[in-house]
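Engineer: let's see this in three dimensions:
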Amino acid sequence: MRRSIFLAGSILLLAFSAVAQVSGGGKPFSFTSPLADDFAKAKVVLPAIDVPEMQRQAKEIYAKGEMLPAGKIFPVSYSPENSGVWTTLPNGDRVWRLLAEVPGAPATSLYFDNFYIPEGAVLYVYNAEKTHLIGSFGAHNNSAAKEFATEIVYTSEFVVEYYEKGNVKRPGSFTITGIANVYNAPEPPANIRLQNPKCCGFGTSGSCNVNVNCPEGTLWINHRNAVARILIKNGANQAWCSGALINNAAYDCKNYFLTANHCGAAVSAADKNQWIFYFNYQTTGCANPGSEPGSNTITGCTMRSSASNGANSSVYGSDFLLVEFNGAIPASYNVYFAGFDATNNASNSGVSIHHASGDTKKISTYTTTTTSRRYYSQLPDNSHWQVNWAATYSNHGITEPGSSGAPLFHSNGRIMGKLSGGPSSCGAVAGDKNDYYGKLSYDWTSNGAAASQRLKPWLDPLNLGSSFVGGRLPCPANCPDILEPNNSQATAGTISTGVYNKALIAATTDQDYYKFTATTGVNITVSLTTLPFDYDLQLLNSAGTVIGSSAAGGSTNETIVFNGAAAGTYTVRVFGYNGAFSASSCYTLLVTTAVVPCNNTYEPNESLAPAPTIPNNTNINSQIASASDVDWYKFSNSALEPNIYVTLGNLPFDYDLYLYNSAGGMIGSSTSGGTTSESIIYNTSAVGTYYIRVIGYNGAFSNTLCYRLFAGVSGTPKAAWVQSTAIKDDMNTVTIAPNPVASKLNFSYTAAGNSMEEVIITDITGRKIMINTINSRPGKNENGIILPATLTKGIYILQVGTRNPVKFMKE
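Structural biologist: As a prediction, this is how the structure comes out:
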């Protein structure tokens, strides 16, 4: 247990997720265009802590080889809705700034929840003096979990600045849920010299450690590429551990990663989803660098087996934990799957590669034969290998807290154990420069009867009796990608429904289009699985209009369901979000269709009172089964999705569509005529229940053929559609009375004949507020429209058909 560093609160600050390290650079708006200093009035101040006392306590804990506290997180809830100051720019863009202070803090770090940044928006964090800046953070930092964390800003007073375009489709959202007081690591005990005392791993290991790219690592380059540093999340605590990718006897490149049971076997599955694995965190040469090197990260894993069967996170049995990554490893990471040796044969020489104190990758060498031991008296006999470290050309490598779980390599190059602990340190006497590694031979079957307490079921999945396996490079992609080039709808490859298709998004600009045919009335399901990165999915009709989409985020599977499809050709588009791609890892696409019988399951629904609730944004099928049949439905919108778009399609005869508010007042209608689809758009509507009425014009009906109804709600206002033909109108005058208008807009006009008219209400900037269609009769027409309850006071413009627009005032 001594070999892991548990960190209370937040101290490992460089990155808390793979996306947290990715930033876009640039400068905040306020750096080049000065803004008013009114945001200083909204400054928030957090409690102070006694940093020297915290450092003193940390020194004592470190001397005992226990967890190393280095920061305190203050729980907060600051968002653009409740804190800081908004500034609206002349062009409509907006800037939000929050000024905060953590008294006495050498450095600070932020945690976010509900984190969503739209395309084109950017977020920065910087100190009050504007000398230390991190960011920009943007849409590329979004994740399915909607969580985010920043690296440190070296200051006690900082500014969060968020810039958002005025025409953004979906506004950004985030809440700062934690602010850390990050204090420097204390001076270590006298027997341990740190190269450069810091708070986040880099430069904190003992001076006797040997960097992996020193001469000692020349013969171990592949093995080096198997090893990674792990940022363990365990509730409110964090820790550094080490471990390695490990091959299995099926040689199928399962992303198995071996570390120590005490590194978190009992940690919840949810927390394991937030573990971060840092590959290639190493110096480029033998010398310690003056600046921190980069790394490549994988986030999230699932436990497969452990010595304790997940019952505890202590040194138990032979102290092993096997996890599998939740996502694919990019080919650019250049990893290696290390072989293993579970034969219980000792080794006369070899190395261990690890991240001492969470620092860059180190290598320790042994030149005497390993001996069979137990780590301490409560553990099983002969469950561990004892290893004595040797002085080498560069120095005398040992292990430290943070090295836990690191692989011990046999002279044959295979993993034979992983680190539990031991007395070694830079300041240890010669007799104490040794450590204990849990044996793979004991991990194999000796910790318990269940597969979840053994390595064999996972590393010998075919039960071949293989107790040792060599290492291997990553598996080549098994993606023939035979439909390329298919980068547009015009070049879409033809696929069959019910057949799995594997392919690649092989470059930033790559996108794949597939086409298939469907018969009338079927339900279409499109699924996208085995995603190496964040890929998104769209379904298009023959005109190229997007009729379904899925953008779950991360490597989460994507699914589109489109019910009641009309007969025709459909196209699927697969693309990487924000340029994501993998030239080696396949995705899997499956399109299925199911014939759904036409029925009247929503009956009886002949009036408003018994109207059944239908799901939002989903096609439903039903019938007008007789000349007197009328169908009513209800649905609801929300504050996040107030905009309404209702369509009626797949019409067997001339059906009409009407929209009503919760009081039963008609607020929209569409009566196009014939079998033309009907549509109603009602933007910025009040939150509540709405009703839909479907009727057959002049008694039209069909007791065998269905219509398709869609009640859509969205956070984005629906744009106006273009009429297929212009409406001829000889009368140009529209009269509004009364004017100003309260809640109902009454207007009249004269028409030359029967026609369908489009009614559009815009604000003075031209932004469309509401769109309806109405039937005009010869002569004078009088109509009334209920305005959206959320419509604010001001000047608006009404246009009916091609007539002259007329202004009115909303009071």
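
Engineer: T733 - how many residues pack around it?
Structural biologist: The number of residues packed near T733 is 11, by other Cβ atoms under 10 Å. For glycine as for every other residue, the C-beta is placed from the backbone atoms N, C-alpha and C.

Engineer: mind listing what F257 touches?
Structural biologist: The contact partners of F257, by Cβ atoms under 8 Å, 6 or more residues apart in numbering, come to 228, 243-246, 277, 301, 322-325.

Engineer: so which residues of the stretch 601-750 of the chain form strands?
Structural biologist: All strands of the stretch 601-750 of the chain, identified by DSSP state E, counting those that start in this stretch, fall at 619-622, 630-636, 643-649, 655-660, 666-670, 678-682, 689-696, 707-714, 734-736, 744-751.

Engineer: now these in a markdown table, please, with extra columns for mean neighbour count, mean pLDDT and distance to T613.
Structural biologist: A markdown table is the format used below for the strands of the stretch 601-750 of the chain (neighbours: other Cβ atoms under 10 Å; pLDDT from 0 to 100; distance: least, Cβ to Cβ, whole Å):
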| stretch | mean neighbour count | mean pLDDT | distance to T613 |
| --- | --- | --- | --- |
| strand 619-622 | 21 | 86 | 11 |
| strand 630-636 | 19 | 95 | 6 |
| strand 643-649 | 21 | 91 | 15 |
| strand 655-660 | 22 | 90 | 15 |
| strand 666-670 | 21 | 83 | 19 |
| strand 678-682 | 23 | 88 | 18 |
| strand 689-696 | 21 | 94 | 9 |
| strand 707-714 | 22 | 90 | 10 |
| strand 734-736 | 16 | 84 | 36 |
| strand 744-751 | 18 | 85 | 27 |
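
Engineer: distance to L473 for the ones you listed - can I get that in a markdown table?
Structural biologist: Formatted as a markdown table, those follow (distance: least, Cβ to Cβ, whole Å):
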| stretch | distance to L473 |
| --- | --- |
| strand 619-622 | 48 |
| strand 630-636 | 54 |
| strand 643-649 | 51 |
| strand 655-660 | 60 |
| strand 666-670 | 61 |
| strand 678-682 | 55 |
| strand 689-696 | 59 |
| strand 707-714 | 47 |
| strand 734-736 | 73 |
| strand 744-751 | 70 |
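
Engineer: ok, which of these comes nearest S173?
Structural biologist: Checking the strands of the stretch 601-750 of the chain against S173 by Cβ to Cβ gives strand 707-714 as the closest, at 16.1 Å.

Engineer: now for that closest one, which elements pack on it?
Structural biologist: Under the contact criterion of 3 or more Cβ pairs under 8 Å, 6 or more residues apart in numbering; DSSP states H and E, strand 707-714 touches strand 619-622, strand 630-636, strand 643-649, strand 689-696.

Engineer: parallel or antiparallel, list what pairs with the last one.
Structural biologist: Translated: strand 689-696. Sheet partners assigned to strand 689-696 using DSSP bridges are listed as strand 630-636 (antiparallel), strand 655-660 (antiparallel).

Engineer: quick one, that strand and strand 643-649 angle?
Structural biologist: Here strand 689-696 runs at an angle of 20 degrees relative to strand 643-649 (axes from the mean of the first three to the mean of the last three Cα atoms, to 10 degrees).

Engineer: before we move on, what about the second one?
Structural biologist: With the same axes, to 10 degrees defining the directions, strand 630-636 sits at 150 degrees from strand 643-649.

Engineer: outside of strand 630-636, which residues touch it?
Structural biologist: 602, 605-608, 610-616, 620, 622, 624, 687-695, 709, 711, 713.

Engineer: so what's the nearest residue to A139 once chain neighbours are set aside up against?
Structural biologist: Leaving out its chain neighbours, the residue that sits closest to A139 by Cβ to Cβ, 6 or more residues apart in numbering is E119, at 4.8 Å. Contacts for E119 (Cβ under 8 Å, 6+ apart) come out as 138-139, 168.

Engineer: how much space between the closest residue to I644 other than its chain neighbours and F710?
Structural biologist: Excluding the flanking residues, the one nearest I644 by Cβ to Cβ, 6+ apart is Y682, at 4.2 Å. According to Cβ to Cβ, to the nearest Å, Y682 stands 14 Å off from F710.

Engineer: what do those two both touch?
Structural biologist: With Cβ under 8 Å, 6+ apart, Y682 and F710 have common neighbours 645-646.

Engineer: break this structure into its domains for me.
Structural biologist: 5-182, 215-469, 493-595, 619-714, 734-810 (automatic domain parsing).

Engineer: give me the residue ranges of the stretch 351-500 of the chain where confidence is low.
Structural biologist: Within the stretch 351-500 of the chain, the ranges that satisfy pLDDT under 70 run 476-478.

Engineer: and with 90 instead?
Structural biologist: 357-359, 376-378, 401-402, 462-466, 470, 472-485, 487-488, 496-500 (pLDDT under 90).

Engineer: quick revisit: CSV for the helices and strands packed on strand 707-714, including distance to F257?
Structural biologist: Shown next, in CSV, are the helices and strands packed on strand 707-714 (distance: least, Cβ to Cβ, whole Å):
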stretch, distance to F257
strand 619-622, 44
strand 630-636, 46
strand 643-649, 46
strand 689-696, 51
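
Engineer: that older thread, quick one: the residue nearest to A139 is in a strand?
Structural biologist: No: applying DSSP: H, G, I helix; E, B strand; the rest coil, one finds E119 to be coil, outside a strand.

Engineer: state the pLDDT value of it.
Structural biologist: If you check E119, the pLDDT there is 85.

Engineer: try A265
Structural biologist: Model confidence at A265, expressed as pLDDT, equals 87.

Engineer: excluding chain neighbours, what is closest to it?
Structural biologist: S306 (3.8 Å).

Engineer: residue contacts, G104?
Structural biologist: 48-49, 51, 156, 181.

Engineer: from those, which is closest to A428?
Structural biologist: Lowest distance from A428 to the contacts of G104 (Cβ to Cβ) belongs to V51, with 29.9 Å.

Engineer: and that closest one, what pLDDT?
Structural biologist: V51 is given a pLDDT of 65.

Engineer: which residue sits closest to S488 in space, ignoring its chain neighbours?
Structural biologist: Counting by Cβ to Cβ, 6+ apart, Y513 is the residue found nearest to S488 once chain neighbours are left out, at 6.1 Å.

Engineer: and the one you found, what does it touch?
Structural biologist: By Cβ under 8 Å, 6+ apart, the residues touching Y513 are 486-489, 491-493, 571-574.

Engineer: contacts for stretch 446-456?
Structural biologist: Under Cβ under 8 Å, 6+ apart, the answer for stretch 446-456 is 304-310, 316-318, 320, 322, 342, 380, 383, 440, 443-445, 457-458.

Engineer: let's see which of the residues you listed end up in strands.
Structural biologist: If you go by DSSP state E, the contacts of stretch 446-456 have 304-306, 322 in strands.

Engineer: what's the most distant pair in these?
Structural biologist: For these, the farthest-apart pair by Cβ to Cβ is R304 and S306; their separation is 8.3 Å.

Engineer: wait, I786 touches S662, no?
Structural biologist: No: using Cβ atoms under 8 Å, I786 makes no contact with S662, being 10.8 Å away.

Engineer: who's more crowded, these two?
Structural biologist: I786 (19 against 13).

Engineer: now do the strands in the stretch 451-600 of the chain.
Structural biologist: 468-469, 493-494, 501-503, 511-518, 522-529, 535-540, 546-550, 558-565, 568-576, 587-595.

Engineer: got the contact list for stretch 326-334?
Structural biologist: The contact list for stretch 326-334 (Cβ under 8 Å, 6+ apart) reads 225, 255, 273, 279-280, 296, 298-302, 335, 474, 531-533, 554-555, 582-585.
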